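A.B. asks: Compute the structure for the input listed below.
(one chain, ligands or ions: 1)
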Amino acid sequence: MKKPFSIRILSIILSAIFALSPAFPCFAQSEEYNGSSDAKNCPSIIITGYFLPGLYTDYGTERQKEVWAMKKTLPKLLGVAAATVPTLPALLFPGGEKICGKAAADTFNRLFEFSKGSNDYDTRSQKPQEASLTYYNNNGLSFIDKDLSLELGKKQGTDNVFTFAYDWRDNVVDTVETLKIFIDGVIEYTGAEKINLFGLSFGGLVAGAYLSKYGSEGKIKNAVLDVPALGGTEAIGNFFEQPEIQGNTIVNIAGDALGLRVNVKRLAFAKNLPGAENFNKAVKIFAENTADITLSWGSFWDLMKTDDYERMKTAYPDVPNDIIEKSDELHYSIMPNFRSAFAQCRENGTNISIIANYTDYPTLFGGSERGDILIETYLESGAKIAPVNKTLGSNYKQIDKCCGKNHISKDSVIDASCAYLPDSTWFIKDHYHGTYSKDKTNLSLIVDLLLADKTITVFSDSRYPQFIM
Ligand SMILES: [Zn+2]
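C.D. replies: Numbering: from 1, shown residues only. Take a look at the predicted model:
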């Protein structure tokens with residue numbers, strides 16, 4: 001887009017003045033500005049995943065109390081599992097699923113009792129001055145995404161790294177508004193002109209929705225969405241409608257936890273183990289008996305894949321209108337348009353990258369789609385992914401010509417040409433959801449993408465091909 005000559009001259013002069021100023025603000029990338037804009041000087045904001053941010057009452061006062069703590073999240077959820085274990089033998093008998101499902105649901109409901117239908121909980125501060133890595137370090141706190149924040153802190157200085165604390169129960173559309181205020185606040189607080197944005201999982205969906213709604217404001221330099229729930233996940237719909245616990249996936253998780261790569265073929269027999277069918281029924285009973293709480297979270301509706309969402313609306317017609325209105329906006333105005341919205345952001349000088357994971361196994365509650373244990377790969381990336389135990393076939397042609405280059409993985413499992421960002425989506429094999437910091441290549445890819453001065457594509461850096469196996 002050509003600007004009038006006088007504006008070009010003016011912007012060159014202004015760029016020169018800003019470049020010489022001590023704050024080194026980050027510039028809008030324009031044709032006049034030829035590449036010396038420094039992403040390291042754009043503060044980075046980290047949006048972590050679901051369940052992880054803490055919730056408080058009376059935050060910032062002497063009576064402050066943490067009602068949901070991220071450090072206790074996993075133990076709490078494991079506690080639900082542990083409470084169920086003594087009831088498991090019941091699954092061997094007809095009707096035992098009720099005992100098991102109810103026991104787990106009762107524990108879950110007690111854990112989340114604070115949550116139902118209330119908006120009266122605070123998150124950790126959303127004031128920029130209390131959300132920087134420097135502030136956390138000085139107050140003996142650590143970021144949830146610790147490894148990433150440490151890496152960024154080393155490269156950018158801890159003053160330039162921020163975390164966005166959000167209430168994970170809220171719907172995405174409202175969370176985007178809170179994020180917008182936070183981004184504007186960080187820009188004002190640091191004096192930078194743009195920020196870098198990292199979103200993990202649900203946080204990636206929030207970041208993606210922000211870019212769709214407000215990307216045209218041009219405040220984001222680089223955005224990296226890691227295993228983002230851009231299309232939701234099949235997990236929730238399956239959980240309620242047709243739970244099918246995947247034995248092979250569980251064996252792989254267990255193997256990895258023990259440091260073994262158990263490369264088992266699909267454990268078809270797991271479905272026929274004594275009690276397996278009852279176990280799936282118990283999961284359904286659990287889902288139904290915890291619905292009063294989970295379905296009061298707007299985010300839970302937002303995380304459903306759209307056709308599951310429609311069926312769930314019919315099955316649970318009493319859910320408040322406000323939740324459905326906001327989730328309709330996400331499902332029908334935002335989710336279907338990521339590809340064009342991201343392309344538009346790119347036109348405006350924002351680099352967006354997506355990192356998706358894939359395995360040869362279905363997601364935990366899934367049926368036939370490949371995913372990263374929790375989210376199906378096609379819903380993270382928009383790419384076409386061959387179902388479990390299948391390939392795209394030897395005569396397969398990629399859906400979109402794209403840049404003319406190949407976007408089909410060597411194992412013939414992924415066609416990235418139809419992804420939201422065909423040239424800027426990476427696929428990492430055998431990586432589980434949210435485990436990016438456990439792998440050096442994955443972590444350095446994220447840091448390099450976040451702090452890149454130029455657009456990095458899957459063809460521009462030989463260390464980072466589109467398919468990392
Ligand atoms: Zn291409």
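
A.B. asks: can we go C-alpha only for contacts and neighbour counts from here?
C.D. replies: Will do.

A.B. asks: Leaving out sequence neighbours, find the closest residue to residue 70.
C.D. replies: Residue nearest to residue 70 in three dimensions, not counting chain neighbours: residue 52, with 4.8 Å by C-alpha to C-alpha, 6 or more residues apart in numbering.

A.B. asks: Which pLDDT value goes with that neighbour?
C.D. replies: Looking at residue 52, its pLDDT reads 90.

A.B. asks: Quick check: residues of the chain near the ion?
C.D. replies: Counting by C-alpha under 5 Å from the ion, the chain comes close to the ion at 402, 403, 423.

A.B. asks: Reformat those residues as a markdown table; add neighbour count and secondary structure.
C.D. replies: A markdown table is the format used below for the residues of the chain next to the ion (neighbours: other C-alpha atoms under 10 Å; DSSP: H, G, I helix; E, B strand; the rest coil):
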| residue | neighbour count | secondary structure |
| --- | --- | --- |
| 402 | 14 | coil |
| 403 | 10 | coil |
| 423 | 21 | helix |
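
A.B. asks: Got phi/psi on residue 468?
C.D. replies: phi -100, psi 110 (degrees, to the nearest 10).

A.B. asks: Please read the previous query as pertaining to residue 68.
C.D. replies: Per-residue torsions, residue 68: phi -140, psi 120 (degrees, to the nearest 10).

A.B. asks: Do I have it right that it meets residue 55?
C.D. replies: Yes: counting by C-alpha atoms under 8 Å, residue 68 touches residue 55, with 4.9 Å between them.

A.B. asks: Check the spacing between the residue nearest to residue 70 and the ion real quick.
C.D. replies: When distance is defined by C-alpha to the ion, to the nearest Å, residue 52 is 35 Å away from the ion.

A.B. asks: Secondary structure class of that residue, three-state.
C.D. replies: Under DSSP: H, G, I helix; E, B strand; the rest coil, residue 52 falls in the coil class.

A.B. asks: number of nearby residues for it?
C.D. replies: 20 (other C-alpha atoms under 10 Å).

A.B. asks: from what I can see it touches residue 144, true?
C.D. replies: Yes: with contact defined as C-alpha under 8 Å, residue 52 and residue 144 form a contacting pair (7.4 Å).

A.B. asks: Report the set of residues contacting both of the two.
C.D. replies: Common neighbours of residue 52 and residue 144 (criterion: C-alpha atoms under 8 Å, 6 or more residues apart in numbering): residue 70.

A.B. asks: Would you confirm that residue 162 belongs to a strand?
C.D. replies: Yes: under three-state DSSP, residue 162 sits within a strand.

A.B. asks: Could you pull up the residues touching it?
C.D. replies: Residues near residue 162 by C-alpha under 8 Å, 6+ apart: 43, 44, 45, 46, 128, 131, 132, 133.

A.B. asks: With residue 370 as the reference, measure out to residue 390.
C.D. replies: Here the criterion is C-alpha to C-alpha, to the nearest Å. By it, residue 390 lies 10 Å from residue 370.

A.B. asks: For the two, indicate the residue with more neighbours.
C.D. replies: Of the pair residue 390 and residue 370, residue 370 is the one with more neighbours under other C-alpha under 10 Å, namely 26 against 14.

A.B. asks: list the contacts for that one?
C.D. replies: Neighbouring residues of residue 370 by C-alpha under 8 Å, 6+ apart: 358, 359, 360, 361, 362, 363, 376, 377, 385, 386, 387, 388.

A.B. asks: Tell me the one among those nearest to the ion.
C.D. replies: residue 385 (16.6 Å; C-alpha to the ion).

A.B. asks: And for the closest one, the neighbour number?
C.D. replies: If you count neighbours by other C-alpha under 10 Å, residue 385 ends up with 25.

A.B. asks: quick one, what contacts it?
C.D. replies: Going by C-alpha under 8 Å, 6+ apart, residue 385 touches 369, 370, 377, 378, 392, 413, 414, 415.

A.B. asks: Once you drop chain neighbours, what's closest to residue 456?
C.D. replies: The shortest distance from residue 456 to any residue other than its chain neighbours is 6.8 Å, reached at residue 449 (C-alpha to C-alpha, 6+ apart).

A.B. asks: Go ahead and confirm the one you found touches residue 222.
C.D. replies: Yes: here residue 449 reaches residue 222: they are 7.2 Å apart, a contact under C-alpha under 8 Å.

A.B. asks: Could you export the strand or helix carrying residue 210 as PDB, CA atoms only?
C.D. replies: Residue 210 is part of helix 202-214, with elements assigned from DSSP states H and E. Extracted in PDB, the C-alpha atoms of helix 202-214 (Å, rounded to 0.1, in the frame of the first residue of the first chain):
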ATOM      1  CA  PHE A 202      -6.700 -22.200  25.500                       C
ATOM      2  CA  GLY A 203      -4.400 -19.200  25.800                       C
ATOM      3  CA  GLY A 204      -3.700 -19.700  22.100                       C
ATOM      4  CA  LEU A 205      -7.400 -19.500  21.300                       C
ATOM      5  CA  VAL A 206      -7.600 -16.300  23.300                       C
ATOM      6  CA  ALA A 207      -4.600 -14.900  21.400                       C
ATOM      7  CA  GLY A 208      -6.100 -16.000  18.100                       C
ATOM      8  CA  ALA A 209      -9.500 -14.400  18.900                       C
ATOM      9  CA  TYR A 210      -7.700 -11.200  19.900                       C
ATOM     10  CA  LEU A 211      -5.800 -11.100  16.600                       C
ATOM     11  CA  SER A 212      -9.100 -11.700  14.700                       C
ATOM     12  CA  LYS A 213     -10.900  -8.800  16.500                       C
ATOM     13  CA  TYR A 214      -8.100  -6.300  17.100                       C
END
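
A.B. asks: coming back round to it: separation between the residue nearest to residue 456 and residue 355?
C.D. replies: Applying C-alpha to C-alpha, the value for residue 449 to residue 355 is 10 Å.

A.B. asks: do the same with residue 79
C.D. replies: Distance, residue 79 to residue 355, using C-alpha to C-alpha: 31 Å.

A.B. asks: Of the contacts of residue 385, which one scores lowest on pLDDT?
C.D. replies: Ranked by pLDDT, the contacts of residue 385 bottom out at residue 369, which has 91.

A.B. asks: Confirm residue 357 sits in a strand?
C.D. replies: Yes: under three-state DSSP, residue 357 falls within a strand.

A.B. asks: from memory it sits against residue 225, does it?
C.D. replies: No: using C-alpha under 8 Å, residue 357 makes no contact with residue 225, being 11.7 Å away.

A.B. asks: show me where pLDDT drops low in the protein?
C.D. replies: Residue ranges of the chain with pLDDT under 70: 1-37, 116-119, 247-248, 260-274.
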